[in-house]
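[1] sequence and predicted structure are below.
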Amino acid sequence: MIEHLHFYYSNDLHSHFDYWPNIVHYFKQRKQHHLDSNEESWRIDNGDHVDRYHPIAEAFRGKANVDLLNAAEFDFATIGNNEGITLEHNDLYHLYDHANFQITCGNLSPINKEKPFWLKEGLSLVTKHNLRVKLIGLTAPFRAFYQPLGWDIDSPYDYLSRHITELKKDADVVILLSHLGLNEDQIIAEKYPEIDIIIGGHTHHLFKNGEFINDTLLTAAGKHGKFVGEIHIDWDHSLNKVVNKQAYTVETAYLEEDQSTKKKIEAMHQQANDFLNKRIAYVENRLDVNWFDQTPLIKQLTIKLREWTDSDISMLNAGLLLDDIDQGYVTYGDVHRICPHPINPVTVQLSGVELLEVVRGAYDEALMNFELKGFGFRGKVIGKFIFSGLDVTTHKDKEGIEHVQKVYINDQLIDHDKIYTLATADMFTFGQMFPAIARSTTKKFYLPEFLRDLLAECIKTSF
């Protein structure tokens with residue numbers, strides 16, 4: 001006898017709800033189809049459903065996202081870094097209190113505290129023909145962010161090395177819900193052949209038809225709900241093994257919408273806007289935003305960051321602020337609208353030579369015009385870099401390109417050997433935008449505050 005199992009999943013929605021009604025309609029339609037065929041199916045979210053760039057996620061701290069997953073009749077989920085490190089401890093601890101689905105994240109646990117009742121290392125299901133399926137969730141181990149928020153995060157490799165034999169022992173099929181990224185999934189597939197299927201996410205990669213590494217099937221559905229994934233497994237009970245497994249993705253823009261879900265999102269959006277429409281200040285004059293100029297608003301925010309972190313220097317990019325603030329009352333919703341990024345302040349200690357490298361890099365026109373995607377940035381371009389605590393003299397060459405000549409701190413030329421504390425946005429600790437910042441071993445992340453929390457205070461006190 002061949003038993004057919006069907007899994008449908010979303011990953012990295014990031015609170016982009018445009019296609020969520022389409023996804024819900026498709027998943028419900030497929031669920032009914034399998035019921036009519038006397039087959040079993042399950043629905044999974046693979047993390048980063050929540051993203052506080054959206055007013056709904058911001059106002060309800062992710063609980064509205066859980067409500068949407070409940071209404072869509074999801075069965076399982078794991079935790080992405082946007083659930084894990086952009087919510088305050090208690091918000092995450094109680095995020096899934098009313099979830100109608102099960103949550104697995106094996107490498108996450110609270111520090112000096114019992115796990116929330118909903119957080120499971122692994123999940124087991126037994127099909128109607130007694131096939132045993134184990135699901136394990138693992139999330140990206142951003143330890144420097146998790147620990148200040150009161151969470152322990154384990155290496156996914158350490159976790160799997162300790163548990164994989166036990167997990168496989170009582171399971172016919174093992175499925176990893178991985179919010180780790182493509183490179184990690186590929187390594188895990190090579191290192192742990194006991195895992196039959198890896199549902200991927202975090203790095204927003206898309207496998208339209210799955211990809212095999214040895215006998216492990218990797219699958220992932222991109223980002224923002226533009227695609228959803230499905231996995232189909234055929235188990236031969238006479239041979240007692242999987243005889244076929246396939247993965248596909250479906251483009252959601254062309255799917256029919258679930259009207260009740262669409263109305264639910266519209267109602268949530270209105271409730272969120274009402275909640276965020278709290279006045280925080282009154283500004284006498286319009287505050288303009290310009291991604292390629294030093295405006296009073298971005299300058300004051302950069303000063304505020306330096307003072308708040310008690311740093312020698314601060315640096316922010318003008319592209320962090322997305323829109324102007326009109327004269328009149330300013331609400332928290334306005335602050336969220338113009339600075340929606342889930343980005344925290346960070347300080348690093350740099351030598352004078354390293355700081356010079358950063359300043360010179362900040363004058364690179366290619367970087368200023370770079371359309372960054374990811375690292376928490378939800379804007380368009382990086383924009384001009386603004387400094388507080390230092391002064392820079394520059395010159396322009398024949399092509400009009402600006403070059404750094406001298407850098408002064410407290411009216412003195414920068415000391416190449418001295419150690420300075422630089423405050424900036426945490427996104428610059430990732431990637432290769434500023435190698436000196438990324439490789440620093442003295443990073444201090446300020447959590448749970450976002451830069452927009454400092455912006456709100458800046459507007460209250462400086463304008």
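    On my side now, so go ahead.

[2] going forward, measure contacts and count neighbours with C-alpha atoms only.
    Fine.

[3] from Ser178, how far off is Gln186?
    11 Å (Cα to Cα, to the nearest Å).

[4] Ala362 too?
    Counting by Cα to Cα - Ala362 and Ser178 are separated by 35 Å.

[5] that older thread, Gln186 and Ser178 - which one has more neighbours?
    Taking neighbours as other Cα atoms under 10 Å, Gln186 and Ser178 compare with Ser178 leading, 29 against 17.

[6] give me the mean pLDDT for the helix or strand in which the more buried one is found.
    Following DSSP states H and E, one finds Ser178 within strand 173-179. Across strand 173-179, pLDDT averages out at 98.

[7] tell me the angle the very next helix or strand once past that strand makes with strand 173-179.
    Heading C-terminal from strand 173-179, the first helix or strand you meet, by DSSP H and E, is helix 182-191. Using axes from the mean of the first three to the mean of the last three Cα atoms, to 10 degrees, the inter-axis angle of helix 182-191 relative to strand 173-179 is 160 degrees.

[8] so Ala423 makes contact with Leu350?
    No. Ala423 lies out of contact with Leu350 (Cα atoms under 8 Å); the separation is 10.6 Å.

[9] the more surrounded of those two?
    Ala423 (29 against 24).

[10] show me what the helix or strand where that one lies is packed up against.
    Using DSSP H and E, Ala423 sits in strand 419-425. With contacts taken as 3 or more Cα pairs under 8 Å, 6 or more residues apart in numbering; DSSP states H and E, strand 419-425 sits against helix 296-309, strand 313-317, strand 345-351, helix 352-362.

[11] give me the residues contacting that strand.
    Here strand 419-425 makes contact (Cα atoms under 8 Å, 6 or more residues apart in numbering) with 305-306, 309, 311-316, 343-352, 355, 451.

[12] quick one, helices of the stretch 151-300 of the chain?
    Secondary structure of the stretch 151-300 of the chain (DSSP state H, counting those that start in this stretch): helices at 156-169, 182-191, 259-276, 296-309.

[13] thought Lys406 was touching Val392?
    Yes. Counting by Cα under 8 Å, Lys406 touches Val392, with 5.8 Å between them.

[14] next one: phi and psi at the spatially most distant residue from the centre of the chain?
    Centroid-distance maximum for the chain: Ser238 at 43.6 Å, with Cα atoms, centre = their mean. Torsion angles at Ser238 (phi, psi; degrees, to the nearest 10) stand at phi -70, psi -40.

[15] so what's it up against?
    Met1.

[16] circling back to that earlier point, just the helices and strands packed on strand 419-425: most buried one?
    Counting by mean count of other Cα atoms under 10 Å, strand 313-317 has the highest mean neighbour count of these, with a mean of 24.

[17] domain parsing for the protein?
    In terms of domains, the chain is parsed into 2-272, 279-462 (source: automatic domain parsing).

[18] quote the end-to-end distance of the first one.
    Using Cα to Cα, the end-to-end distance of domain 2-272 comes to 48 Å.

[19] now swap in the last one and tell me
    Across domain 279-462, the terminal residues are separated by 16 Å (Cα to Cα).

[20] can you give me the pLDDT of Leu167?
    For Leu167, pLDDT reads 86.

[21] that one touches Leu135, doesn't it?
    No. Judged on Cα under 8 Å, Leu167 makes no contact with Leu135 at a distance of 9.2 Å.

[22] name the residues contacting each of those two.
    Contact criterion Cα under 8 Å, 6+ apart; residues shared by Leu167 and Leu135: Val174.

[23] just checking, what packs against the strand holding Ser178?
    Applying 3+ Cα pairs under 8 Å, 6+ apart, we find strand 173-179 packed against strand 132-139, strand 197-199.

[24] how far does the helix or strand following the first one sit from its chain's centre?
    In other words, strand 132-139. Following strand 132-139 in sequence order, the next helix or strand is helix 143-146 (DSSP H and E). Mean-position distance between helix 143-146 and its chain equals 13 Å (Cα atoms, centre = their mean, to the nearest Å).

[25] for stretch 319-327, same thing?
    With Cα atoms, centre = their mean, you get 23 Å for stretch 319-327.

[26] repeat that for stretch 400-415.
    Here stretch 400-415 shows a centroid-to-chain-centroid distance of 36 Å under the convention Cα atoms, centre = their mean.

[27] end-to-end on that stretch?
    By Cα to Cα, one end of stretch 400-415 lies 29 Å from the other end.

[28] list the contacts of it.
    Outside stretch 400-415, the residues within contact range by Cα under 8 Å, 6+ apart are 352-353, 356, 359-360, 363, 365, 389-397.

[29] try it again with 7 Å
    Contact with stretch 400-415 is made by 352, 360, 363, 389-396, as judged by Cα atoms under 7 Å, 6 or more residues apart in numbering.

[30] please apply the same query to stretch 244-253.
    With Cα under 7 Å, 6+ apart, stretch 244-253 has contacts from 19, 22-23, 208-210, 219, 221, 226-234.

[31] pull out the buried residues from it.
    Buried residues in stretch 244-253, counted by 16 or more other Cα atoms under 10 Å: 245-252.

[32] of those residues, closest to Arg162?
    Of all the buried residues of stretch 244-253, Arg162 sits closest to Lys245, with 26.9 Å by Cα to Cα.

[33] the closest one pairs with what?
    Ile233 (DSSP bridges).

[34] buried stuff in stretch 271-285?
    Under 16+ other Cα under 10 Å, the buried positions of stretch 271-285 are 271-273, 275-276, 280-281, 283.

[35] could the residues you listed go into a markdown table alongside pLDDT and distance to Gly383?
    Converted to a markdown table, the buried residues of stretch 271-285 look like this (pLDDT from 0 to 100; distance: Cα to Cα, whole Å):
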| residue | pLDDT | distance to Gly383 |
| --- | --- | --- |
| Gln271 | 98 | 33 |
| Ala272 | 98 | 30 |
| Asn273 | 96 | 28 |
| Phe275 | 96 | 31 |
| Leu276 | 97 | 27 |
| Ile280 | 94 | 27 |
| Ala281 | 95 | 27 |
| Val283 | 95 | 25 |
